[in-house]
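1. A structural model of the following input is requested.
(one chain, ligands or ions: 1)
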Amino acid sequence: MKCEVIRDLLPVYVENVCSCETRKIVEEHLEVCVQCRTEYEEMKKNILPGKRYIMMKRR
Ligand SMILES: [Zn+2]
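-> Residues are numbered from 1 along each chain as shown. Just a heads-up that it's a prediction; the model follows:
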């Protein structure tokens, strides 16, 4: 999976509105790609802190 594709998916992934399939793809990529993970961490900071906490707990 290309990084550009993942970057496109990150916003919906962070917002938690993507499908299970998409989540899996993004998660698997984040495991192996530090750059996208950093991007994801940055994006998470920009959404509500409360929501972010819930998302982390749910994992
Ligand atoms: Zn990547």
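2. what parts of the chain come near the ion?
-> For the chain, the contact set with the ion under C-beta under 5 Å from the ion comprises 3, 33, 36. All C-beta spots, glycine's among them, are computed from the backbone N, C-alpha and C.
3. which ones among those residues lie within helices?
-> 3, 36 (DSSP state H).
4. report the buried members of the residues of the chain next to the ion.
-> Among the residues of the chain next to the ion, those buried by neighbour count (16 or more other C-beta atoms under 10 Å) are Cys36.
5. can I get the residues of the chain next to the ion in a markdown table with pLDDT?
-> Converted to a markdown table, these look like this (pLDDT from 0 to 100):
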| residue | pLDDT |
| --- | --- |
| Cys3 | 96 |
| Cys33 | 97 |
| Cys36 | 97 |
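6. any weak-confidence spans in this structure?
-> Applying pLDDT under 70 to the chain picks out residues 48-59.
7. which residues in it form helices?
-> 3-15, 20-32, 34-45, 49-58.
8. contact partners of the second one?
-> With contact meaning C-beta atoms under 8 Å, 6 or more residues apart in numbering, helix 20-32 is reached by 1, 3, 6, 9-10, 12-13, 18, 36-37, 40.
9. try it again with 7 Å
-> Here helix 20-32 makes contact (C-beta atoms under 7 Å, 6 or more residues apart in numbering) with 1, 6, 9-10, 12-13, 36-37, 40.
10. ok, which pair from these is furthest apart?
-> Largest separation among the contacts of helix 20-32 by C-beta to C-beta: Val12 and Arg37, giving 16.6 Å.
11. circling back to that earlier point, tell me the most buried of the helices of the chain?
-> Highest mean neighbour count among these (mean count of other C-beta atoms under 10 Å): helix 3-15, with a mean of 16.
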